[in-house]
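Colleague: Fold the following for me, if possible:
(chains A and B)
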Amino acid sequence: SQKIEQNSEALNIQEGKTATLTCNYTNYSPAYLQWYRQDPGRGPVFLLLIRENEKEKRKERLKVTFDTTLKQSLFHITASQPADSATYLCALVSTDSWGKFQFGAGTQVVVTP
Amino acid sequence: GAVVSQHPSWVICKSGTSVKIECRSLDFQATTMFWYRQFPKQSLMLMATSNEGSKATYEQGVEKDKFLINHASLTLSTLTVTSAHPEDSSFYICSASPGTGMSYEQYFGPGTRLTVT
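Modeller: Numbers count the residues shown, from 1 in each chain, chains lettered A, B, ... in the order given. Prediction:
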């Protein structure tokens, strides 16, 4: 069966350090993968998209890598700040279901001063 | 740009009543809208995909007679939870896409918290 797995344990990190989150998937032929931020009681906010033929994408302090051999995406927040505290979701669109996002359960990040 | 609103942001209703949730794209035309539900600490589960002017496509396990979706215009989709029961209590989120089915972009609404008593 198809699965998208993110670490369910909260990631506690000190301000200024780099937070690294993992998204693993099984039984998907990914077209592209997206990362979202979700604050409590709010809808997800788009952060980054990476296509299956791309290795890495950056946006300001954020970096995403995509390894289709390992079936994994890594999401990095460099120089983390308390305002980065949120839940981060990965979402995958596969080639056989265009437009349909399948979400992971998300990983909570807590950045302490 | 690319703002999606939902109304209401929260609603409490009695068991057996129906509740309508609106999803609007405020500054773009949404060819496709999606409805999700999310339980605490769980992922967003896609319920249905709706294209303007046509019937919604429901995911497996989602009762289309219970969750009525109407996408009457390019800026408005509604989800009606009919004969709501406590197990329907959840966080409902819509998203809207400005393109056709191959669009990469989806913009999410702020969500609606439904509590059925």
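
Colleague: residues near the one residue in chain A that gets nearest to chain B, how many?
Modeller: Closest to chain B within chain A is A:G43: 3.7 Å, counting by CB to the nearest CB. (Each C-beta comes from the backbone N, C-alpha and C, glycine too.) Applying other CB atoms under 10 Å in any protein chain shown, we find 23 residues neighbouring A:G43.

Colleague: Would you confirm that it contacts B:P110?
Modeller: Yes - assessed by CB atoms under 8 Å, A:G43 is found in contact with B:P110 at 4.9 Å.

Colleague: what residues do those two have in common as contacts?
Modeller: Common neighbours of A:G43 and B:P110, using CB atoms under 8 Å, 6 or more residues apart in numbering or on different chains, are B:V4, B:Q6, B:I93.

Colleague: picking up where we left off before, for the residue of chain A closest to chain B, give me the pLDDT.
Modeller: On the pLDDT scale, A:G43 is placed at 92.

Colleague: Help me confirm that it is found in a strand?
Modeller: No - under DSSP: H, G, I helix; E, B strand; the rest coil, A:G43 falls outside any strand and is assigned coil.

Colleague: quick one: pLDDT of the closest residue to it other than its chain neighbours?
Modeller: For A:G43, ignoring the flanking residues on the chain, the nearest one in space by CB to CB, 6 or more residues apart in numbering or on different chains is B:F108 at 3.7 Å. Looking at B:F108, its pLDDT is 93.

Colleague: Spit out the contact partners of B:F108.
Modeller: B:F108 is in contact with A:Y36, A:G43, A:P44, A:V45, A:F46, B:V4, B:I93, B:C94, B:S95, counting by CB under 8 Å, 6+ apart.

Colleague: From those, list just the buried residues.
Modeller: A:Y36, A:G43, A:P44, A:F46, B:V4, B:I93, B:C94, B:S95 (16 or more other CB atoms under 10 Å in any protein chain shown).

Colleague: Among those residues, which ones are in strands?
Modeller: Among these, DSSP state E puts A:Y36, A:F46, B:V4, B:I93, B:C94, B:S95 in strands.

Colleague: Where is pLDDT lowest across those residues?
Modeller: Of all these, A:F46 carries the smallest pLDDT score, 89.

Colleague: Report the beta-bridge partner residues of that one.
Modeller: For A:F46, the beta-bridge partners are A:Y36 (DSSP bridges).

Colleague: A:R37 versus that one, what's the distance?
Modeller: 8 Å (CB to CB, to the nearest Å).

Colleague: go on, A:V111?
Modeller: Taking CB to CB, one finds A:V111 at 13 Å from A:R37.

Colleague: cool, A:C23 as well?
Modeller: With the distance defined as CB to CB, A:C23 ends up 14 Å from A:R37.
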